[in-house]
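> Kindly return the folded structure for what I paste below:
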Amino acid sequence: MEDGILIGEIVNVSADESVVTDGAVDITKVKPISFDPFGNGYYGVGEKVGNAFKDGAKLK
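Numbering: from 1, shown residues only. Alright, predicted model coming up:
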């Protein structure tokens, strides 16, 4: 197996209207899952636990 770097560009994002609230994707309606390759399990992504670009600033 070889390690490498994958570089890409997102050119389009789409979502079903049933998961959109006020013009933005509502993550609580999407109910995303994550795969754990070590334990071979799927886990639901839960509630919001912080605010990006704000909570970490308190640690400086």
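> contacting residues for the residue positioned nearest the centre of the chain?
Nearest to the mean C-alpha position of the chain, by Cα atoms, centre = their mean, lies residue 32 at 7.5 Å. Applying Cβ atoms under 8 Å, 6 or more residues apart in numbering to residue 32 gives the contacts 44-45. C-beta coordinates here come from the backbone N, C-alpha and C atoms, glycine included.
> can you do 6 Å?
By Cβ atoms under 6 Å, 6 or more residues apart in numbering, the contact set of residue 32 is residue 45.
> next one: the one 10 residues further on
By Cβ under 6 Å, 6+ apart, the contact set of residue 42 is 33, 35.
> Enumerate the beta-bridge partners assigned to it.
Judged by DSSP bridges, the bridge partners of residue 42 are residue 35.
> measure it to residue 33 for me?
As for residue 42, its distance to residue 33 is 5 Å (criterion: Cβ to Cβ, to the nearest Å).
> So which residues of this protein form helices?
27-30 (DSSP state H).
> all strands for it, in order.
Secondary structure of the chain by DSSP state E: the strands cover 20-21, 24-25, 33-36, 41-44.
> Residue 59 is nearest to which of those?
Distances from residue 59 to each of those were compared by Cβ to Cβ, and the smallest falls on strand 33-36, at 25.2 Å.
> Name the residues that touch that closest one?
42-44.
> for the protein, what are the low-confidence residue spans?
For the chain, residues meeting the criterion pLDDT under 70 lie at 1.
> Just give me the neighbour total for residue 46.
Residues within reach of residue 46, counting by other Cβ atoms under 10 Å, total 9.
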